[in-house]
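> what's the 3D shape of this:
(chains A and B)
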Amino acid sequence: MTETLWTPSAIQQERIDYRRGQARRSTSIAVASTITVAVVAAVAITHSPGWAQVRTSFFNVAIGRQYFGAILSGLWLNLRMLALVTLLVIPCSLAVAGIRTLRGPVFFPFRMLASIYTDIFRGTPVLIALYLFGFGMPGLQLSGVPVSPFFWGAVALTAAYTAYVSEVLRAGIESIHPSQRAAARSLGLGYGQTLRLVILPQAVRRVIPPLLNDFVSLQKDVGLVSTIGLIDAIRQAQIAQSITYNYTPYTVAALLFIVLAIPTIRVTDAISARLTSRQQGSLAV
Amino acid sequence: MHFARLTATTAAVLLLAGVSACSSTSTTAAAPTSATGAACTPSTLQTQKSGVLTIAADQPVYTPWFVNNDPANGKGYEAAVAYAVATKLGYTKSQVQWTRVTFNQAIAAGPKHFDIDLDEFSITPERAKVVDFSSPYYNVEQAVVTLKGSKAASVTTLAGLKTLHLGAQVGTTSYTAITDQIQPSVQPNVYNTNDDAVTALKDHQVDAIVTDLPTAFYIAGGELSNGVIVGQLPPAGGKQEQFGILLNLHSPLTSCVSAAVSALNENGTLAKLQATWLANTAGAPVLH
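Model (predicted):
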């Protein structure tokens, strides 16, 4: 038996060529459109009457270079705080979400306390939580209670973000079809085992995009600890601005924050894409 | 808000005592035009609103520079100086209009909505590239405040401050005095306002705080029941730190305002207003 290689018919070849031509055409339109928009925007901005002034006060390279090191050292505080708070939020929010999804009337007081907690901390601006913990708790002057703003900053941010993240996790848990739970229990798994082995793995996978969204948000909110005395990247920029009367240090801080956020944002996109392709399988287009 | 004090590394030594406004490095252009001369009258001055002098202050403002967060009552040293300058230029009290401008708005690029701004702005050559300053209306020192019985209270030398955990308000020359002059071994804490710094002092989160001397007296004498002034810092680099009125860069008013401030200094008005509104700051020992 000889195998004949498939070759497209003349009509099919025509179709393929047509599609290729269309693809080329839309690419060149996209390129032309992008260039036009970029040129128009650049001309509009650089020819605006205040551009020279804006350029010197926001994009002064000499000042940016001079304070880059100080702002970078401030960013180190952001990174340390981010790592610590993330490590604290994960177990705390799992615990709160677990409590809020407990069944049975006997657990009512715990469910109630957990929902009061999430209501209060989702409603409280993080800034105010920081003030209350950062200045209020040391103000009690109880022996053994730390006075360190780093400690209380971490506590305030953990309290605030645990409230958000536990609600995301709870939504994930509740989105799992009850038949999963019923099936697990009928196979002889206990409540805890069901949660750990069957429900949570599915629930967490479903809510990973919103969780990473909260993580990106936390990256920026850790800087708020500067209100209780610590010097983060934005605070360093503010100090530099007060010395120079120039906004470039803020531009430098913004660039550093973007650099910090890009990996997380890319990971979020990649995970979402993977989830979509897994769930939709070959149907994905 | 005391956003202003940058260590006066200024090459232009604008000594308040008896020197008529002249600045060698800054663009203050403090030409010695007489404030009473023909060029400086409400009808000729190119103010934002013709015939009205718009004066800016931060929101909020603090004692002893203003009283009750109300600049228009004329109480407090800077409010009093503002009205004295307005009067010297020929404006009546009703021709003075106050506006609230934050530090960021005051130094932002673009058109401004005030004629002059008094907010404890320290004059430095670096800042004078971006804004205009009048001739100085106050010679300021930095001081260290702590609680009675704290480990900072017994310090008598500049070197003794090195091991302390210090705090200051952000953006002030008090903070740069800590980092440049004291150079402590522990990173200082920085607060949004002096109020927050005082709270941190009460909470023992810092050993001592640094503010300008009149504010230090106000804090130690009023806000804290057990406050004490450790001492004042010597001028950084031997240069006297001074407050000037802030104007837009190349403002047509700068020379007139400068001349008015200098005249008020020469005729003793500024000294009299200082005696009225600022505590007698003679009692604070200078730390060396």
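
> spatially central, which residue of the chain would that be?
Using chain A here. residue A:216 (2.2 Å; CA atoms, centre = their mean).

> right idea, wrong chain: chain B
Mean-position check on chain B, CA atoms, centre = their mean. Result residue B:120 at 2.2 Å.

> for that residue, helix, strand, or coil?
Per DSSP: H, G, I helix; E, B strand; the rest coil, the local secondary structure of residue B:120 is coil.

> next one: the helix-or-strand element of chain B with minimal mean pLDDT to chain centre, how far?
Sorting the helices and strands of chain B by mean pLDDT, DSSP states H and E puts helix B:103-107 at the bottom, at a mean of 80. Its chain's C-alpha centre and that of helix B:103-107 lie 15 Å apart, by CA atoms, centre = their mean, to the nearest Å.

> cool, stretch A:82-97 as well?
14 Å.

> and if you look at stretch B:95-110?
16 Å.

> stretch B:223-239 now?
15 Å.

> quick check, the least confident helix or strand of chain B touching chain A?
Yes - applying CB under 8 Å from any CB of the partner chain, one finds helix B:103-107 touching chain A at B:103, B:107. C-beta here means a position set from N, CA and C on the backbone, and glycine is covered the same way.

> just the CA trace of that helix, in PDB.
Extracted C-alpha coordinates of helix B:103-107, given in PDB (Å, rounded to 0.1, in the frame of the first residue of the first chain):
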ATOM      1  CA  PHE B 103       2.800  71.700  49.700                       C
ATOM      2  CA  ASN B 104       2.500  69.600  46.500                       C
ATOM      3  CA  GLN B 105       0.300  72.300  44.900                       C
ATOM      4  CA  ALA B 106       2.600  75.000  46.000                       C
ATOM      5  CA  ILE B 107       5.600  73.600  44.200                       C
END
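
> in contact with residue B:105, which residues?
residue B:112 (CB atoms under 8 Å, 6 or more residues apart in numbering or on different chains).

> now it: how far from residue B:56?
Distance, residue B:105 to residue B:56, using CB to CB, to the nearest Å: 8 Å.

> do the same with residue A:178
64 Å.

> those two: who's more crowded?
residue B:56 (25 against 8; other CB atoms under 10 Å in any protein chain shown).

> which SS class is the more buried one?
strand.

> so it sits against residue B:101, correct?
Yes - counting by CB atoms under 8 Å, residue B:101 is a contact partner of residue B:56 at 3.9 Å.

> who touches both of those two?
Common neighbours of residue B:56 and residue B:101 (CB under 8 Å, 6+ apart) are B:113, B:114, B:117.

> those in helices, which ones?
In helices, judged by DSSP state H, none of the shared contacts of residue B:56 and residue B:101 are found.

> quick one, which of those are buried?
Buried members of the shared contacts of residue B:56 and residue B:101, scored by 16 or more other CB atoms under 10 Å in any protein chain shown, are B:114, B:117.

> around chain B, pick out the residues from the stretch 151-285 of chain A.
A:226-231, A:235, A:238-239, A:241-247.

> try it again at 6 Å.
For the stretch 151-285 of chain A, the residues in contact with chain B (CB under 6 Å from any CB of the partner chain) are A:227, A:229, A:231, A:238, A:242, A:243, A:244, A:245.

> out of those residues, which is nearest to residue A:115?
residue A:227 (28.3 Å; CB to CB).

> check that closest one and give its pLDDT.
Listed pLDDT for residue A:227 reads 92.

> same question for residue A:178.
At residue A:178, the pLDDT value in this model is 93.

> can you give me the buried ones in stretch A:98-113?
A:98, A:99, A:100, A:101, A:111.

> my bad, stretch A:164-181
In stretch A:164-181, counting by 16+ other CB under 10 Å, buried: A:164, A:165, A:166, A:167, A:168, A:169, A:170, A:172, A:173, A:176, A:181.
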